[in-house]
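>>> fold the following, please.
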Amino acid sequence: MKRRGPLVCRWCGEEFLATPGPGRPKQYCRASHRQRAYEARRLGESRQLLPDEVIVSRRAWDALRDALYRLESAAEDVAIDLETGAPTKTDYVNALAHLSEAVRQLQDVSVEPVALGST
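Prediction:
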């Protein structure tokens with residue numbers, strides 16, 4: 001029997017362990033995610049979405065866009081700060097902390113689709 005490693009949920013993107021046994025490998029980490037994906041596909045079909053199209057809420061889109069903007073701004077700030085003069089170890093530590101905070105804020109953003117194009 002072929003042993004399966006961790007799988008990635010097609011809804012949330014999180015890794016989960018495959019359960020041993022016969023049948024097709026699971027595509028979702030939990031039944032509620034399978035149900036959400038089904039509902040999103042049906043809504044996508046009713047709106048005639050293409051396979052690569054997704055509908056997300058305005059709130060989720062705004063949160064993602066804002067977090068990406070903060071990360072982009074932090075990267076620009078760090079580049080400017082480290083280009084001037086001879087950066088010290090403290091400058092690098094501060095730059096990394098600034099970038100890490102922007103990345104953490106992006107990690108906190110969760111975007112779940114409302115509708116999915118058919119795949």
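>>> by contact count, what packs against the longest helix along the chain?
Ranked by residue count, the top helix of the chain under DSSP state H comes out as helix 58-83. If you count contacts as 3 or more CB pairs under 8 Å, 6 or more residues apart in numbering; DSSP states H and E, helix 58-83 packs onto helix 89-107. (Glycine included, C-beta is placed from N, CA and C.)
>>> any idea how far Asp81 is from Ala40?
According to CB to CB, to the nearest Å, Ala40 and Asp81 sit 43 Å apart.
>>> go on, Tyr69?
For Tyr69, the distance to Asp81 (CB to CB) stands at 18 Å.
>>> same thing with Ala74?
For Ala74 relative to Asp81 (CB to CB), the value is 10 Å.
>>> between the two, which is the more surrounded one?
Per other CB atoms under 10 Å, whichever of Ala74 and Asp81 has more neighbours is Ala74, with 19 against 15.
>>> nearest spatial neighbour of the more buried one, skipping sequence neighbours?
Nearest non-adjacent residue to Ala74, counting by CB to CB, 6 or more residues apart in numbering: Ala102, 3.8 Å away.
>>> dump the residue contacts of the one you found.
Ala67, Arg70, Leu71, Ser73, Ala74, Ala75 (CB atoms under 8 Å, 6 or more residues apart in numbering).
>>> what's the angle from the longest helix of the chain to helix 89-107?
Using axes from the mean of the first three to the mean of the last three CA atoms, to 10 degrees, the inter-axis angle of helix 58-83 relative to helix 89-107 is 170 degrees.
>>> measure stretch 24-39 end to end?
End-to-end distance for stretch 24-39: 21 Å, by CA to CA, to the nearest Å.
>>> name the helix or strand for Ala115, please.
According to DSSP states H and E, Ala115 maps onto strand 113-116.
>>> fine by me, thanks again.
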